[in-house]
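K.L.:
the following comprises the amino acid sequence and a computationally predicted model.
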Amino acid sequence: MKRYDYLIVGSGLFGCVFAYLCHKKGRKCLVIEKRPVLGGNIYCETIEGINVHKYGAHIFHTSNKQVWDFVNSMVEFNNYINSPMANYKGKLYNLPFNMNTFYALWGTKTPQEARDKIEMQCREMGIISPNNLEEQAISLVGKDIYEILIKGYTEKQWGRKAIELPTFIIKRLPVRFTFNNNYFNDVYQGIPVGGYNVLTNKLLEGIETIIDIDFFKDKEYWRNKADKVVYTGKIDEYFDYCYGKLDYRTVRFENEILNCENFQGNAVINYTDADVPYTRIIEHKHFEFGKQSKTVISREYSEEWKEGSEAYYPVNDSKNEGIYSKYKELAFSESNTYFGGRLAEYKYYDMDKVILSAINLFRKYE
Ligand code: FAD
Ligand code: UDP
């Protein structure tokens with residue numbers, strides 16, 4: 001008889017939530033993780049008493065009450081509200097695009113003035129139904145904002161021309177005709193008190209975990225340990241890249257400990273100018289209103305994923321969507337194996353969507 005009901009490959013949020021729910025129901029789970037730490041991309045490393053978001057800055061936000069109640073049953077959240085700034089050629093602008101941004105750019109003081117300005121710029125461009133990110137962006141906020149705050153950042157982030165990217169990426173960002181700098185429209189938002197590891201540890205309490213294990217080093221050995229497998233790694237890797245490699249973006253983080261209390265006065269400052277090689281600077285202590293004497297910052301350089309680097313962002317353009325749909329079909333016919341999370345579903349999921357997806361998978365099969 002097999003020892004475990006479930007082998008869960010990957011200890012990111014998807015794997016943790018699925019393991020937690022199964023464990024609570026009395027199922028025996030084993031979680032294996034190829035990194036030396038648990039938690040996937042939400043893992044935090046403590047440096048100078050500051051929770052450093054080692055695999056990218058994470059702000060929890062959701063409008064789903066079920067998900068919010070679920071995470072709050074594990075950990076308390078602080079009242080952090082993400083209000084990033086954008087630096088373009090040394091001048092600062094508020095994000096997301098709102099009345100403060102419009103005022104800094106055009107001096108418009110009322111919503112009507114701002115709407116008129118945007119409408120005029122859209123009319124001049126003659127876009128009727130947007131077909132790509134560039135057209136979508138211009139039709140939402142006009143040409144000036146597109147050129148100053150979107151084009152450079154987007155092309156650095158994705159390593160592709162904005163005209164080659166899908167429209168949905170830019171629709172993630174709110175456009176507001178109020179003086180409200182909250183980056184998200186969601187009802188609930190915050191950072192776990194004590195950092196994300198509190199959440200991960202709570203989810204994995206009582207569950208067997210092994211780190212530094214790559215499933216593919218001995219696939220059959222690990223498979224045979226359990227009746228069912230939940231796989232949260234890259235879907236193309238699982239099928240030996242038989243339909244070719246999917247594209248991903250990775251991020252190189254350049255971390256620095258600075259001997260000052262407050263470097264930039266905000267957790268997130270985006271650099272939207274194409275000439276600055278990094279996309280943003282994160283100052284981690286501000287996520288938790290830290291008062292430490294030193295500070296830790298991370299410059300983020302967005303790069304194309306290659307073997308050996310971390311796959312962070314799926315590139316959901318039409319070429320990759322075509323390849324993914326073939327892998328998805330293979331995944332359906334793989335017996336006793338479920339595919340979930342950002343890499344296995346090749347989806348640009350936020351944390352709340354990943355949690356919901358894991359809850360739904362659990363409900364479907366348990
Ligand atoms: P992951 O966290 O990637 O976990 C997958 C795990 O599987 C990894 O630990 C990996 O090492 C492991 N693994 C893969 N292959 C194998 C193998 N062969 N053997 C063993 N283990 C394996 N969401 C938000 O809501 N708010 C944000 O602010 C936000 N910011 C983000 C910033 C960045 C830079 C990135 C990349 C993502 C961000 N997200 C954000 C999205 C968020 O990270 C995801 O929604 C969520 O963490 C994904 O969880 P997951 O379990 O699907 O994947
Ligand atoms: N974006 C931009 N300028 C900015 C911030 C974001 O043009 O200052 C665009 C960019 O294309 C990005 C998308 O908006 O990929 C979504 O931004 P979000 O902050 O949601 O990206 P994330 O890093 O969370 O994926």
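P.N.:
Perfect, thanks for sending it. Ligands and ions are numbered 1, 2, ... in the order given.
K.L.:
name every strand pairing with the host helix or strand of Ile269 and say which way it goes.
P.N.:
In this assignment (DSSP states H and E), Ile269 forms part of strand 268-271. When pairing is defined by DSSP bridges, strand 268-271 lines up against strand 85-88 (parallel), strand 280-283 (antiparallel).
K.L.:
okay if I get these as a markdown table plus mean pLDDT and mean neighbour count?
P.N.:
Heads up, the C-betas are built off the backbone N, CA and C, glycines and all. Below are the strands paired with strand 268-271 laid out as a markdown table (pLDDT from 0 to 100; neighbours: other CB atoms under 10 Å):
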| stretch | mean pLDDT | mean neighbour count |
| --- | --- | --- |
| strand 85-88 | 98 | 19 |
| strand 280-283 | 98 | 23 |
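K.L.:
dump those to a markdown table, plus distance to ligand 1.
P.N.:
Below are these laid out as a markdown table (distance: least, CB to the nearest ligand atom, whole Å):
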| stretch | distance to ligand 1 |
| --- | --- |
| strand 85-88 | 16 |
| strand 280-283 | 10 |
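K.L.:
Gly244: which of these is closest?
P.N.:
Judged by CB to CB, the one of the strands paired with strand 268-271 that comes nearest to Gly244 is strand 280-283, at 31.2 Å.
K.L.:
how far does the closest one sit from its chain's centre?
P.N.:
On the basis of CA atoms, centre = their mean, to the nearest Å, strand 280-283 is displaced by 15 Å from the centre of the chain it belongs to.
K.L.:
can you list contacts of stretch 155-168?
P.N.:
Contacts with stretch 155-168, where a contact means CB atoms under 8 Å, 6 or more residues apart in numbering, come from 130-137, 150-151, 154, 169, 249, 274, 277-279, 302-304, 313, 315-318, 348.
K.L.:
average pLDDT for the strand holding Ile269?
P.N.:
Taken as a whole, strand 268-271 carries a mean pLDDT of 98.
K.L.:
got phi/psi on the closest residue in space to Asn100 that isn't next to it in sequence?
P.N.:
Closest residue in space to Asn100, ignoring its immediate chain neighbours: Asn94 at 3.9 Å, by CB to CB, 6 or more residues apart in numbering. With angles defined as degrees, to the nearest 10, Asn94 sits at phi -80, psi 150.
K.L.:
quick check, Asn94 in contact with Phe102.
P.N.:
No. Asn94 lies out of contact with Phe102 (CB atoms under 8 Å); the separation is 9.5 Å.
K.L.:
ok, back up a step: is ligand 2 contacted by the strand holding Ile269?
P.N.:
Yes. Shown here: strand 268-271 in contact with ligand 2 (CB under 6 Å from any ligand atom) through Asn270.
K.L.:
that'll do, ta.
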